[in-house]
Structures are given as C-alpha cells and as structure tokens.
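Visitor: Got a predicted structure here, sequence first:
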Amino acid sequence: MGDKESHNECTHRFIDLANEMKNQGYDPQLISAAMMSASGIYATYTTAGNTGGLQPSGVDKVVMMYRRNLEHIQERKKAEYEGE
C-alpha cells in the first residue's frame, strides 16, 4: 500500500471512530475539538518526542501544515459539490 492509500485509510479510521463516538451521544463539536487536541499532541510528539515541546517556529510550521491541509480539503469538497 502506498503513502496515499495509507493516508486515506488512517483518515477514514479516525472518521469512523468519530462517528462511533457521535453515535454514543458525544457532541460532534466536542469530538472535533478532541481530535484537534489529539492531533496537536501527536504532531508535537512526532517532532519533539515525549520530553520536548515545539518552539514558536515549530508551532508556526504545524499551523501552516493544518492550514494547507484544510484548504486542500475545502478545494476537494467544492470540486465534489460542483461535480454533482
């Protein structure tokens, strides 16, 4: 399995988990906020390990990564909507 396929599988597994939590009665906004927190914690871990934290420049890099990813998602959603 290639990187793109692995990425898509991981993404869908997180969405499945979020939907499972929603079906258990958790508020979708709470789930989204928790997923963002978990992502930030994991992004820090992958960059700085368990004992470190991000410097301001590292925070800026992660913020830009999130921004680019969100913009890409919105472009795909828009194209999908226009294609219907």
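Guide: Cool, got the structure.
Visitor: Would you map the helices across the chain?
Guide: 3-23, 28-48, 56-83 (DSSP state H).
Visitor: Can you lay out these as TSV showing mean neighbour count and mean pLDDT?
Guide: For the C-beta atoms, the positions are set from N, CA and C on the backbone; glycine is no exception. Shown next, in TSV, are these (neighbours: other CB atoms under 10 Å; pLDDT from 0 to 100):
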stretch	mean neighbour count	mean pLDDT
helix 3-23	11	96
helix 28-48	12	94
helix 56-83	10	93
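Visitor: can you list the domains in this structure?
Guide: 1-52, 54-84 (automatic domain parsing).
Visitor: and the last one, how far out from the chain's middle?
Guide: If I follow you right, that is domain 54-84. 9 Å (CA atoms, centre = their mean, to the nearest Å).
Visitor: now the first one
Guide: Relative to its parent chain, domain 1-52 has a centroid offset of 6 Å by CA atoms, centre = their mean.
Visitor: First residue to last residue on it, what's the distance there?
Guide: Domain 1-52 has an end-to-end distance of 32 Å (criterion: CA to CA, to the nearest Å).
Visitor: Next: stretch 17-31.
Guide: 10 Å.
Visitor: Thank you kindly, that will do.
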